[in-house]
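Colleague: no sequence on this one, just coordinates:
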């Protein structure tokens, strides 16, 4: 109120203000009670929620990974690692598809999961594979088959069907580097498939893993008389690789490399980003952290699992002695394969470059998996890891 106003003028001003306030309040109440206002308010609120949800969704990545050889040494571990990552990492929405010959067998290997599809296919039939791949709009592929006579044909069927579908990256499990270079027998099949990848996949969207022999093959139940260390009934055994330095690798570590490449190669808005392109056409030579001998390091760590008066000894024998039990044509091929492996003492850092971690040592592997290296009578429940 200005100082020049008279009391009467002041009184009228007050009344006018009160009337104006009542009218304004009435208008506001009518507007707030109007259904149109509530509808508008609800619409705005819903839009804000949707924007928030979209922002949250964009911070996570939905990924489908198809695993062939899902019941094998590496494939089964890859499936489990992918599912574990999906459970523990909120930013990863991972759908794992296990392509298998026998769905019943595969179902018994993996825990029930809403993120796992087990799909039975005929790997000899490209139509069966195309039908399976066609169910998924964009996927990464782990390519592996067992060491069967028609391995080359089966893997080529898978590659062709995947490339014709919406596969954005293929990781092929191959064999050890010198075996590939040998270009004979076992290595030749892998070499043919590797060469075909560059033809089938646009922009070289594939990677190749060439691992050294798996540590698991030292288990006599897996490696058998050719590669296994059989100390189940004795403290002394022979092995063709006894004094050959080799940098074997754990299957878990090979699976971890495949997982790292596939999760790193999934599509985003920029399909030419360095993150995606850095694995295109790359070959990774996978080894353990150091070369060791069975006669020294392996015998020493196995001895720590046994009584002090029962120390282990692993003595060398000739490859000829090892393959003597095989048919001549198979023996010749196996002899060349074993000779190539026993001369392979290379150590690489490819595992560390892919995962940012150090590969498992042979000492860690045996300590974590003691059962296969203990005498039968010592295999109590408490000793099984």
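Modeller: The structure has been received and is ready for your questions. The model shown is predicted, which means the values in this text are computed figures rather than measured ones.
Colleague: Does the most centrally placed residue in the chain lie in a helix or a strand, and which?
Modeller: Closest residue to the average C-alpha location of the chain: residue 259 at 2.8 Å, with C-alpha atoms, centre = their mean. Assessed by DSSP states H and E, residue 259 sits inside helix 251-265.
Colleague: Please identify the buried residues of that helix?
Modeller: By 16 or more other C-beta atoms under 10 Å, the buried positions in helix 251-265 come out as 251-263, 265. The C-beta positions use only the backbone N, C-alpha and C, and glycine is treated the same way.
Colleague: Stretch 307-323 too?
Modeller: In terms of neighbour count (16+ other C-beta under 10 Å), stretch 307-323 has its buried residues at 312, 314, 319, 322-323.
Colleague: what's near enough to touch the residue nearest to the centre of the chain?
Modeller: Residues in contact with residue 259 (C-beta atoms under 8 Å, 6 or more residues apart in numbering) are 78, 81-82, 85.
Colleague: Out of those residues, which comes closest to residue 69?
Modeller: In terms of C-beta to C-beta, no member of these lies closer to residue 69 than residue 78, at 8.9 Å.
Colleague: now the helix holding residue 259: mean pLDDT?
Modeller: Mean pLDDT, computed over helix 251-265, is 95.
Colleague: Residue numbering should commence at 9 henceforth.
Modeller: I'll keep to 9 as the first residue from here, and by that count the last item is helix 259-273.
Colleague: Please give the element, helix or strand, for the residue nearest to residue 210 when sequence neighbours are not counted.
Modeller: Nearest residue to residue 210 in three dimensions, chain neighbours excluded: residue 171, at 7.9 Å (C-beta to C-beta, 6 or more residues apart in numbering). If you go by DSSP H and E, residue 171 is part of helix 159-172.
Colleague: Can you give me the buried ones in that helix?
Modeller: 159-171.
Colleague: just stretch 201-213 next, same as before
Modeller: Residues 201-202, 204-205, 208-209, 213 are the ones in stretch 201-213 that count as buried (16+ other C-beta under 10 Å).
Colleague: In helices only, show me those.
Modeller: 201-202, 204-205, 208 (DSSP state H).
Colleague: residues contacting the closest residue in space to residue 295 that isn't next to it in sequence?
Modeller: Among residues not flanking residue 295 along the chain, residue 255 sits closest, at 3.9 Å (C-beta to C-beta, 6+ apart). Applying C-beta under 8 Å, 6+ apart to residue 255 gives the contacts 220, 295-300, 353-355.
Colleague: Show the contacting residues for residue 373.
Modeller: Residue 373 touches 223, 258, counting by C-beta under 8 Å, 6+ apart.
Colleague: State the helix or strand in which it lies.
Modeller: Using DSSP H and E, the element containing residue 373 is helix 370-376.
Colleague: Any figure for the gap between the residue lying closest to residue 349 once chain neighbours are set aside and residue 269?
Modeller: Counting by C-beta to C-beta, 6+ apart, residue 349 lies nearest to residue 221, which is 5.8 Å off, once chain neighbours are set aside. Separation of residue 221 from residue 269 (C-beta to C-beta, to the nearest Å) stands at 21 Å.
Colleague: again, but for residue 254
Modeller: 25 Å.
Colleague: same check, this time on residue 81
Modeller: Per C-beta to C-beta, residue 81 is found 18 Å from residue 269.
Colleague: Out of the buried residues of stretch 315-331, which sit inside strands?
Modeller: Using DSSP state E, the subset of the buried residues of stretch 315-331 located in strands is residue 322.
Colleague: so which two of the ones in helices among the buried residues of stretch 201-213 are the farthest from each other?
Modeller: By the measure C-beta to C-beta, 202 and 208 form the most distant pair in these, at 11.2 Å.
Colleague: now the strands: where do they sit in the stretch 259-393 of the chain?
Modeller: 290-294, 321-324 (DSSP state E, counting those that start in this stretch).
Colleague: Adding distance to residue 376 and mean pLDDT, write those strands out as a markdown table.
Modeller: Below are the strands of the stretch 259-393 of the chain laid out as a markdown table (distance: least, C-beta to C-beta, whole Å; pLDDT from 0 to 100):
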| stretch | distance to residue 376 | mean pLDDT |
| --- | --- | --- |
| strand 290-294 | 19 | 97 |
| strand 321-324 | 20 | 96 |
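Colleague: Which of those sits closest to residue 228?
Modeller: If you check each of the strands of the stretch 259-393 of the chain against residue 228 by C-beta to C-beta, strand 321-324 wins as the nearest, at 12.4 Å.
Colleague: Note down every partner strand of the closest one and its orientation.
Modeller: When pairing is defined by DSSP bridges, strand 321-324 lines up against strand 244-247 (parallel).
Colleague: buried residues in the partner strand?
Modeller: Residues of strand 244-247 classed as buried: 245-247 (neighbour count, 16+ other C-beta under 10 Å).
Colleague: mind putting these in JSON lines, pLDDT and distance to residue 133 included?
Modeller: What follows is the buried residues of strand 244-247, written out as JSON lines (pLDDT from 0 to 100; distance: C-beta to C-beta, whole Å):
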{"residue": "245", "pLDDT": "95", "distance to residue 133": "44"}
{"residue": "246", "pLDDT": "96", "distance to residue 133": "45"}
{"residue": "247", "pLDDT": "96", "distance to residue 133": "41"}
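Colleague: Lovely, talk soon.
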